[in-house]
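> Can you look at this prediction? I've put the sequence above it.
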Amino acid sequence: MIRMHSVNKSFGRELVLKSVSCHIERYTPTVLLGPSGAGKSTLLRCINGLVDIDSGQIIVDNIPLPRHPKKLRKFRKSIGMIFQQFNLIKNISVLENVLCGRLAYTPVLSSLLTKFTNPDYEIACYYLAKVGLYDKRYQKAGQLSGGQQQRIAIARALVQQPKILLADEPVASLDPKTATAILDLLTKIHEEEKITLVLTLHAVDLAIKYARKIIGINRGQIIAQYDTDKVNAAEIYSVYDNCDNSDSYPECG
Ligand SMILES: Nc1ncnc2c1ncn2[C@@H]1O[C@H](COP(=O)(O)OP(=O)(O)OP(=O)(O)O)[C@@H](O)[C@H]1O
């Protein structure tokens with residue numbers, strides 16, 4: 001479980017997250033939804049320490065997010081992350097890209113020399129099969145389609161064997177059919193591997209279909225939280241209203 005208590009984050013003078021408090025349950029796929037610039041990506045990046053918070057607390061499975069770089073590196077092993085633009089190295093093979101996810105487990109010297117063990121290769125091949133790309137493992141990543149590249153990125157996150165998977169707009173650059181296939185895959189992985197799944201999405205219909213909980217964010221504040229089985233799209237669109245404070249939203253957290 002991820003717990004955030006009164007988290008504040010600013011970039012320069014801009015307060016991007018304002019006293020954010022929420023709980024994200026392990027078996028409840030959760031989508032962060034809100035207008036552009038609301039602070040969704042920043043919130044996601046705070047969870048794995050990619051962005052350092054100014055104040056407040058983030059607790060993952062009862063362990064406060066460490067600040068010390070060495071402890072943070074160890075902690076990050078348990079959190080995989082995927083991005084809209086996949087963040088692959090295009091001119092190396094699919095398999096090598098996936099193996100990069102094992103660097104968290106590789107001693108610093110080996111990781112500098114990029115030496116992977118046989119178990120590293122076995123795990124990488126296992127997850128490549130899981131995302132349907134085993135046959136393409138020796139192809140250059142840049143030669144694959146957008147949907148396939150996102151599958152590589154998912155496999156790269158999975159070889160970390162994370163407890164939590166954070167996905168920042170994982171389908172924003174994909175066509176609707178491919179987007180659905182990727183979200184189906186993430187849901188399957190969440191169920192089979194018992195990985196906590198937290199996504200940012202822009203499409204309300206996809207959020208309702210794939211999440212069990214939606215956290216609405218506007219101007220750096222959580223303004224509503226919905227169980228997707230008890231809400232309709234019209235209600236959720238209120239997340240996109242201009243909202244300066246949480247007073248008008250009884251569900252505000
Ligand atoms: N590294 C950074 N340095 C300075 N400002 C930043 C940085 N990252 C984010 N911001 C600012 O923080 C605010 C929130 O950005 P963020 O990317 O979290 O929003 P978002 O809700 O994910 O938006 P989108 O849906 O467009 O991706 C924006 O005003 C953005 O410019």
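Structure's in. What do you need?
> residue ranges of the helices in the stretch 51-200 of the chain, please?
69-76, 94-100, 108-113, 118-130, 146-158, 176-193 (DSSP state H, counting those that start in this stretch).
> For residue 68, which residues are in contact?
Contact analysis of residue 68 by C-beta atoms under 8 Å, 6 or more residues apart in numbering lists nothing. In this view, the C-beta of every residue, glycine as well, is placed from N, C-alpha and C.
> what's it sitting at in phi/psi?
phi -60, psi 130 (degrees, to the nearest 10).
> now do residue 214
Taking degrees, to the nearest 10 as the convention, residue 214 sits at phi -120, psi 130.
> gap between the spatially closest residue to residue 17 that is not a sequence neighbour and residue 160?
Counting by C-beta to C-beta, 6 or more residues apart in numbering, residue 17 lies nearest to residue 9, which is 4.1 Å off, once chain neighbours are set aside. Separation of residue 9 from residue 160 (C-beta to C-beta, to the nearest Å) stands at 25 Å.
> Can you list the low-confidence ranges for the stretch 101-250 of the chain?
For the stretch 101-250 of the chain, the stretches flagged by pLDDT under 70 are 105-114, 243-250.
> now with 90?
102-117, 173, 230-235, 237-238, 240-250 (pLDDT under 90).
> Quick check: closest non-adjacent residue to residue 6.
Per C-beta to C-beta, 6+ apart, closest to residue 6 is residue 56, 4.3 Å.
> Pull the contacting residues for the one you found.
Residue 56 neighbours (C-beta under 8 Å, 6+ apart): 4, 5, 6, 7, 8, 19, 20, 21.
> Try it again at 10 Å.
4, 5, 6, 7, 8, 9, 17, 19, 20, 21, 46 (C-beta atoms under 10 Å, 6 or more residues apart in numbering).
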